[in-house]
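[1] sequence plus the predicted model coming up.
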Amino acid sequence: YCSSDGHQGTAAKSEVPWGYYFEGRLNFKAFTERLASENGLHDTNEDMMVLVTGKSAGGGGALRNVDWLQERLPLATVKTAPDAGGGEPSALADDLPSLYPPSNYANFLAGTHGNDLYDFIQEGGEGVDVHKVQSG
């Protein structure tokens, strides 16, 4: 929704021919800078408390950006309270490495482990980060 990248993208200009770009993290940064300049969201007060929240996709954005905001405001107490939008769970230890989502239903029925992403990587495929998700 909204930024179409889970509020994580850092690509301000497309590097691919289809012309899309994703800048959700950049939007969040710009928004917090505006709050700093217009509303005093500066890290000069140890008593400052900031709550980052959102609903649905905004909840996911809150989860994905709260740590960055805490780094931006190290003296403040920064917390998140998302309303939905938690994201996809990791696989359990007896399924796949936790880096991957759980096995899909077809593998479950077959008594095997895997999903499209896991199978793709195991077959030597390389993932492409179309959202240009980067730290920072």
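    Sure thing, it's come through. Residues are numbered from 1 along each chain as shown.
[2] and the residue nearest to the spatial centre of the chain, what does it touch?
    In the chain, the residue lying closest to the centroid (C-alpha atoms, centre = their mean) is Arg64, at 4.0 Å. By C-beta atoms under 8 Å, 6 or more residues apart in numbering, the contact set of Arg64 is 6-8, 25. All C-beta spots, glycine's among them, are computed from the backbone N, C-alpha and C.
[3] any chance of CSV for those, columns pLDDT, distance to Ala106 and neighbour count?
    Converted to CSV, those look like this (pLDDT from 0 to 100; distance: C-beta to C-beta, whole Å; neighbours: other C-beta atoms under 10 Å):
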residue, pLDDT, distance to Ala106, neighbour count
Gly6, 70, 26, 21
His7, 73, 31, 26
Gln8, 73, 29, 22
Arg25, 83, 34, 26
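[4] got TSV for those residues, with secondary structure too?
    Converted to TSV, the contacts of Arg64 look like this (DSSP: H, G, I helix; E, B strand; the rest coil):
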residue	secondary structure
Gly6	coil
His7	coil
Gln8	coil
Arg25	helix
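[5] quick check, nearest of those residues to Leu109?
    Lowest distance from Leu109 to those (C-beta to C-beta) belongs to Gly6, with 29.6 Å.
[6] picking that back up, okay, the residue nearest to the centre of the chain: pLDDT?
    Note for Arg64: predicted pLDDT of 84.
[7] ok, now how distant is it from Ala30?
    Going from Arg64 to Ala30 by C-beta to C-beta, to the nearest Å gives 16 Å.
[8] distance of the residue nearest to the centre of the chain from Gly9?
    In this structure, Arg64 and Gly9 are 10 Å apart, going by C-beta to C-beta.
[9] any residues in contact with both of those two?
    Counting by C-beta under 8 Å, 6+ apart, the shared contacts of Arg64 and Gly9 are Arg25.
[10] low-confidence ranges, this structure, go.
    1-2, 4-5, 12-19, 85-90, 128-136 (pLDDT under 70).
[11] go with 90
    1-29, 31, 35-37, 39-50, 52-68, 72-73, 76-111, 115-121, 124-136 (pLDDT under 90).
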